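1. the following block contains a protein sequence and its predicted model.
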Amino acid sequence: KTQEFVRTYLKVFVPGVGYVISSTVVYFGTFLLLSSALAISGRGYADVVAAASVFEPLQSFLKDHIDSTWGTIGISLVGLELLSPVILAVTLALTPKTMDALQSKLNELGWGEEDLDSRVDELLGRT
């Protein structure tokens, strides 16, 4: 039963961790790309404040209460939401490669399915 549990765990662990790694890298990479693009171009928060000039209380609030850095971060987060279908597609495309790399690393470290029997015997021998 222990070997079956560990085999099932490995079959769930590798895809789950592979997806988390891929998703995190794509999400933060996109965030950094958007933030950098806004910072380099000089666009973003200043444009939102200028556009808010049609409603003076909103423009005053933005100028008085929101730092331009936080405004740029907020615009980047909105961009992430708008790009979420693309982020999901890229994540799903990268996940199999990430899973293969993770599985290779587990095999290299002696935690792959081939090494499972010896690892379970080792663990059961200690208990």
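-> Yep, it's here.
2. what ranges does the chain have for its helices?
-> In the chain, the segments counted as helices under DSSP state H are 2-41, 45-51, 56-65, 68-82, 84-108, 116-126.
3. which stretch in those has the least confidence?
-> Among these, helix 116-126 carries the lowest mean pLDDT, a mean of 72.
4. on that earlier part again, now render the helices of the chain as JSON lines, adding mean neighbour count.
-> All C-beta atoms are positioned from the backbone trio N, CA, C, and that covers glycine. What follows is the helices of the chain, written out as JSON lines (neighbours: other Cβ atoms under 10 Å):
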{"stretch": "helix 2-41", "mean neighbour count": "14"}
{"stretch": "helix 45-51", "mean neighbour count": "15"}
{"stretch": "helix 56-65", "mean neighbour count": "12"}
{"stretch": "helix 68-82", "mean neighbour count": "15"}
{"stretch": "helix 84-108", "mean neighbour count": "14"}
{"stretch": "helix 116-126", "mean neighbour count": "11"}
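5. so how far is Val26 from Ser104?
-> 21 Å (Cβ to Cβ, to the nearest Å).
6. same question for Met99.
-> In terms of Cβ to Cβ, Met99 sits 15 Å off from Val26.
7. just Val120 next, same as before
-> 35 Å.
8. again with Ser118
-> The spacing between Ser118 and Val26, counted by Cβ to Cβ, is 36 Å.
9. what does Ala37 give?
-> 16 Å.
10. ok, Ile73 next?
-> Distance from Ile73 to Val26, counting by Cβ to Cβ: 18 Å.
11. for the residue lying closest to Pro15 once chain neighbours are set aside, give me its contacts.
-> With Cβ to Cβ, 6 or more residues apart in numbering as the criterion, Pro15 has its nearest non-adjacent residue at 5.7 Å, and that residue is Met99. By Cβ atoms under 8 Å, 6 or more residues apart in numbering, the contact set of Met99 is Val14, Pro15, Gly18.
12. residue closest to the middle of the chain?
-> Against the mean C-alpha coordinate of the chain, by Cα atoms, centre = their mean, the closest residue is Thr24 at 1.4 Å.
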